[in-house]
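Peer 1: got a structure for you, letters missing:
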């Protein structure tokens, strides 16, 4: 038996949501704010629970990235770890390092796009299960491939990637209601532990 720990990313490991931080990294603050203004109707609908997270995220991703080559997108993602380092919660990173020193497998399970998490996670020797972007002809469409990795989808994706019968004990870390199904997987569960 091996031990395993599942961590939500945005708000749990990081101090803020990485989506808009990534957009600012890619395009700069002026274009980010112009985009937020243009997208305001959809963002307001989402806040009012009238538009799903998946649809809202796709609307944002299409606005900024639709038609971008996968090569260019990957270059931006590969330069993002230094930005993530600036928004990581020190206590969360220390907890991850503590687990790793005990040879406990650490996995990020995130609704954010895997492309911009993986370079940072690889640097820190962490596995990633996250939302995937659709590519057509090696270009970003702005649509999500499959489901947004949130809520029950986190559990489905975890079980598809890891045989939980092989891992004991399990620890989970999250900060929103979208993490509750994942937290329920583990006897050791932590909600907003690094605040």
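Peer 2: Cool, the structure landed. Just so we're clear, the structure is a prediction, and the values are computed from it rather than from any experiment.

Peer 1: buried residues in the lengthiest helix in the chain, which are they?
Peer 2: Secondary structure of the chain per DSSP state H: the longest helix is helix 29-47. Residues of helix 29-47 classed as buried by neighbour count (16 or more other CB atoms under 10 Å): 32, 35, 39, 42, 43, 46. (Glycine included, C-beta is placed from N, CA and C.)

Peer 1: what about residue 163, how many residues nearby?
Peer 2: Using other CB atoms under 10 Å, residue 163 is surrounded by 7 other residues.

Peer 1: hmm, I typed the wrong one, I wanted residue 101.
Peer 2: Residues near residue 101, counting by other CB under 10 Å, number 8.

Peer 1: and it, what pLDDT?
Peer 2: Among the per-residue scores, residue 101 shows a pLDDT of 97.

Peer 1: distance-wise, check it relative to residue 94.
Peer 2: Remark: distance between residue 101 and residue 94 (CB to CB, to the nearest Å) = 10 Å.

Peer 1: what do you get for residue 64?
Peer 2: Applying CB to CB, the value for residue 64 to residue 94 is 33 Å.

Peer 1: which one of the two is surrounded by more residues?
Peer 2: The neighbour count for residue 64 versus residue 94, taken as other CB under 10 Å, is higher for residue 64 (19 against 11).
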